[in-house]
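S.K.: Any chance you could fold what I've pasted below:
(one chain, ligands or ions: 2)
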Amino acid sequence: MASLNRCIFLNKTPISSSCSPLSLKRHSESLKLSSVRSERNDRVLMESSLKDSVLELDPVSAVNDGILDLYGEVMAMEDQGVTPWTVSVASGYNLLRNPHHNKGLAFTDKERDTHYLRGLLPPTVISQDLQVKKFLYRIRQYQVPLQKYMAMMDLQESNEKLFYKLLIEHVEELLPVVYTPTVGEACQKYGSIFRRPQGLYISLREKGKILEVLRNWPEMGIQVIVVTDGERILGLGDLGCQGMGIPVGKLSLYSALGGVRPSACLPVTIDVGTNNDKLLNDEFYIGLRQKRATGQEYKELVHEFMAAVKQNYGEKILIQFEDFANHNAFDLLEKYGKTHLVFNDDIQGTASVVLAGLVAALNLVGGTLADHKFLFLGAGEAGTGIAELIALEMFKKTNTPLEDARKKIWLVDSKGLIVSSRKESLQHFKKPWAHEHQPIQDLVDAVKDIKPTVLIGTSGVGRTFTKDVVEAMAAINKKPIILALSNPTSQSECTAEEAYTWTEGRAIFASGSPFDPVEYNGNVFVPGQANNAYIFPGFGLGLIMSGTIRVRDDMLLAASEALAAQVTQENLGKGLIFPPFSNIRKISANIAAKVAAKAYELGLAGRLPQPKDLVKHAESCMYTPSYPNYR
Ligand SMILES: O=C([O-])CC(=O)C(=O)O
Ligand SMILES: [Mg+2]
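M.R.: Ligands and ions are numbered 1, 2, ... in the order given. Predicted coordinates for the structure are as follows:
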C-alpha cells in the first residue's frame, strides 16, 4: 500500500518514447500498476492494482498539478473537444500524504467521500484562504527566523499549493524567511535541521552513475535545474553539501515569483567535499567528509552531470549555476554556455537586476549611464558581471566604445584598486578592469581619488562601507548611489541606517538582503532590495516558454530594461529604484515576455509560432496554486 504513495507520471504517447522504458518500468513496479494501456491516439490510462486507490483528474487540473508537461497541446486538444488524458493518482491516506495534491482540511465532503478520506480528517471543512490565514498566524508566532523557515519547509513538504499561495500572497513578509537572509542560516545549520531530501545530491560517489541518479528523481517533466557545489554560499563561504538550501530556495522563487511549475523544478547539489573544517568536524554534517576535489576530478564530475542532464531532459532544460566560487563560476559559464542553456545567477542575474536599478536611478540623479562613474568593492562574479553589463548597456545605448565604457568603471579587490601595473598577476575576469592609475590600497582613498557617483559593494564582506567611505561619497555627490549587495544581512557592506545617516538622508540606497525602513531627521526612508530574485524567475520563464536553447547578453539587457520599466514615478518619489516585490508576478511576466521576444528575434526560440501577445502568454503559462476540484 505504501508504494502507492507516489503520483503516476504521464507524458504524451507513446509513453515509452517520452520516458525511458527503464524508468517507466521502475514507476510501474513501485506503483504496482496492474495495467498501463495506451488507448486510441493520445489517450493514456493507468490503473493501479487497487481499484479504490484510483483518482481521476481532468486534464486542466492535471496540468496545473504539474503531472503533464505539454499544457499547450493539452489545451489545444481540449479546444477541439478531445479529452486527451486520464491521470491516476493515489487516494485515501496516501492522498493526504502527497504534497502535490493534499488539500488538508479544504477537502470537501464530496471529495472525502469519493476519495476515501472520510474519518481521516476532522469534520470541519475550511477554505484555502482560511488555511492561508491560519498558517500565517502560526508563522508569526515564531520569534526565531529559523523556526519560521522550518515551518515553511514543512508546509512545502506537506501541502505544496498552500505553501505557494501563502508565499505569493505574502511575498514581502515571507521572502526573508524562505530566502535571504534566513536561508543563509538554514544552510549553515542544514545538517541539524535536515529532515527530508528536497533535491538531488550528486557526490563523487555517484561518479559514473549520474544519469541513473537523475532518473531516481520522481518527476519527469523537469524544465529548470538550479545547481550549486556549495563553495561560495551567499557571502558565507564554503558550506559544502549544506548549500542545498540555496537551490531549494531559488526554485521556490521560480514557482512563486515566476510561475514555473514546482514539479518542473529540480534542486541539485554537487558534493565534491568541503574545505570548511568546522563542517568536516561537525557530527551532523550531511556531506562527504573530505577536502574539496579540484582539477580534473572536479571537472569530470561536473561534465558528467552536464552531459547526463542534457541526455535525460533534452536541449531545452535550463541550468542555473548558483553560488559556485569565482575560480569555477566563470569557466563553467564560458564552457557550457556554448553547449547548454545555462545561466549564472551571481554573474548574470545580479548584473541584470543592478543595471535595472541604475537605469531607474538615472531618473533621480540625471544624465545617462555614460555620464556616471562607478566604483566597486569586490571584483568577483557579481562585481565583474555587473561592471560588464553596465559597459555593454553604455555601448548599446550611447554608442560609447566598450573600451571607453569600461574606463568609467573601477574595481577594488582585497589588494586594492585594480590597476594596470597589477595586470600580470590578475585572474582573467579582472583584467578588463585594470586601468592606468597609481596603486591605491584603501577604499576611502579610492573614493576620494576616483570620485565615483555610484558605489557598489559585491565583496561578500560585511561592514566594509565604513563611515569614512560613505561620508566621502556624500562629500562628492548630492545624491550618492550606494548599493550594498552582499548577502545575507551580516555580510552587507553597510546597513540602510548607516547609509542614510552618514549621507544625511541623501543616499539612494539598495541592498541585496532586505532592511527595514529607516527614520532619519523626521523622514522615513524605504531601502530597495537589489537582489537577483527580481530577475531569474521571469528570465527563466521567458526562456522556458519560448523553448530557447541558449542564453545571450542581449536577453539580460532585455530583462533589465523590463524590470526598470516597472519602476513607477511613485516608487521614484520615495527614492525607490526597484518596484515592490508585491507586484513580482506581473513584473516576472513582463520580464519573461521581453526575454522571449529577444530569443525569437535572435532565432534561438524553439517554440513556434511566436505568440502574438507575449505578456499575456507568459501570464497564461504561470502556475497558480489554487486547489483543483477533485471529481
Ligand atoms: O541568494 C541571494 O540572495 C542573492 C545571490 O544570488 C547571492 O548572494 O549569491
Ligand atoms: Mg547566488
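S.K.: can you pull the contacts of residue 577?
M.R.: The contact partners of residue 577, taken as C-beta atoms under 8 Å, 6 or more residues apart in numbering, are 357-358, 360-361, 364, 508, 510, 528, 530, 567, 571. All C-beta atoms are positioned from the backbone trio N, CA, C, and that covers glycine.
S.K.: for residue 455, same thing?
M.R.: 375, 377, 447, 465, 469, 473, 480-483.
S.K.: what's the answer for residue 627, then?
M.R.: 103, 106, 128, 161 are the contacts of residue 627 under C-beta under 8 Å, 6+ apart.
S.K.: Now do the most centrally placed residue in the chain against ligand 1, distance only.
M.R.: By C-alpha atoms, centre = their mean, the chain has its centre lying nearest to residue 250, at 3.2 Å. The gap separating residue 250 from ligand 1 is 7 Å, by C-beta to the nearest ligand atom, to the nearest Å.
S.K.: Show me what the helix or strand harbouring that residue is packed against.
M.R.: Assigned by DSSP states H and E, residue 250 belongs to helix 245-256. Applying 3 or more C-beta pairs under 8 Å, 6 or more residues apart in numbering; DSSP states H and E, we find helix 245-256 packed against helix 160-169, helix 171-178, helix 182-188, strand 224-228, strand 265-271, helix 536-546.
S.K.: Restricting to C-alpha, output that helix in CSV.
M.R.: Output in CSV follows, covering the C-alpha atoms of helix 245-256 (Å, rounded to 0.1, in the frame of the first residue of the first chain):
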residue,chain,number,x,y,z
GLY,A,245,19.2,25.2,0.9
ILE,A,246,20.1,27.7,-1.9
PRO,A,247,18.8,25.7,-4.9
VAL,A,248,15.8,24.7,-2.9
GLY,A,249,15.1,28.4,-2.0
LYS,A,250,15.8,29.7,-5.5
LEU,A,251,13.5,27.2,-7.1
SER,A,252,10.7,28.1,-4.7
LEU,A,253,11.0,31.5,-6.1
TYR,A,254,11.0,30.2,-9.6
SER,A,255,7.5,28.9,-8.9
ALA,A,256,6.2,31.6,-6.5
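S.K.: report the angle between the axes of that helix and helix 536-546?
M.R.: If you take axes from the mean of the first three to the mean of the last three C-alpha atoms, to 10 degrees, helix 245-256 sits at 60 degrees to helix 536-546.
S.K.: before we move on, back to that, hmm, residue 226 and the residue nearest to the centre of the chain touching each other?
M.R.: Yes. At 4.6 Å, residue 250 counts as touching residue 226 under the criterion of C-beta atoms under 8 Å.
S.K.: Quick check: neighbours shared by these two?
M.R.: 267, 320, 322, 345.
S.K.: Now intersect the residues you listed with the strands, please.
M.R.: 267, 320 (DSSP state E).
S.K.: from the shared contacts of residue 250 and residue 226, which are also near ligand 2?
M.R.: Taking C-beta under 5 Å from the ion as the test, ligand 2 is in contact with residue 322 out of those.
S.K.: dump the residue contacts of residue 524.
M.R.: For residue 524, counting by C-beta under 8 Å, 6+ apart, the contacting residues are 517-518.
S.K.: I'd assumed it was in a strand, is it?
M.R.: Yes. Counting by DSSP: H, G, I helix; E, B strand; the rest coil, residue 524 is found in a strand.
S.K.: Distance check, it against residue 392.
M.R.: 36 Å (C-beta to C-beta, to the nearest Å).
S.K.: what sits against residue 277?
M.R.: Taking C-beta under 8 Å, 6+ apart as the test, residue 277 contacts no residue whatsoever.
S.K.: Domain map for this protein?
M.R.: Domain ranges of the chain: 92-175, 181-344, 349-530, 534-621, per the TED database.
S.K.: now the third one: mean pLDDT?
M.R.: In this model, domain 349-530 has a mean pLDDT of 97.
S.K.: do that domain and ligand 2 meet at all?
M.R.: No. Using C-beta under 5 Å from the ion, domain 349-530 stays clear of ligand 2, with a minimum separation of 7.5 Å.
S.K.: Now residue 518. Its backbone dihedrals?
M.R.: Main-chain torsions, residue 518, degrees, to the nearest 10: phi -120, psi 140.
S.K.: Identify the bridge partners of it.
M.R.: residue 525 (DSSP bridges).
S.K.: I figured it hits residue 511, correct?
M.R.: No. Using C-beta under 8 Å, residue 518 is not in contact with residue 511; the gap is 11.5 Å.
S.K.: Who has more neighbours out of the two?
M.R.: Taking neighbours as other C-beta atoms under 10 Å, residue 518 and residue 511 compare with residue 511 leading, 26 against 19.
S.K.: can you give me the strands in the stretch 201-350 of the chain?
M.R.: Along the stretch 201-350 of the chain, counting by DSSP state E, counting those that start in this stretch, strands occupy 224-228, 265-271, 318-321, 341-344.
S.K.: can you tell if the third one touches ligand 1?
M.R.: No. For strand 318-321 and ligand 1, the contact criterion (C-beta under 6 Å from any ligand atom) is not met; the two come no nearer than 10.0 Å.
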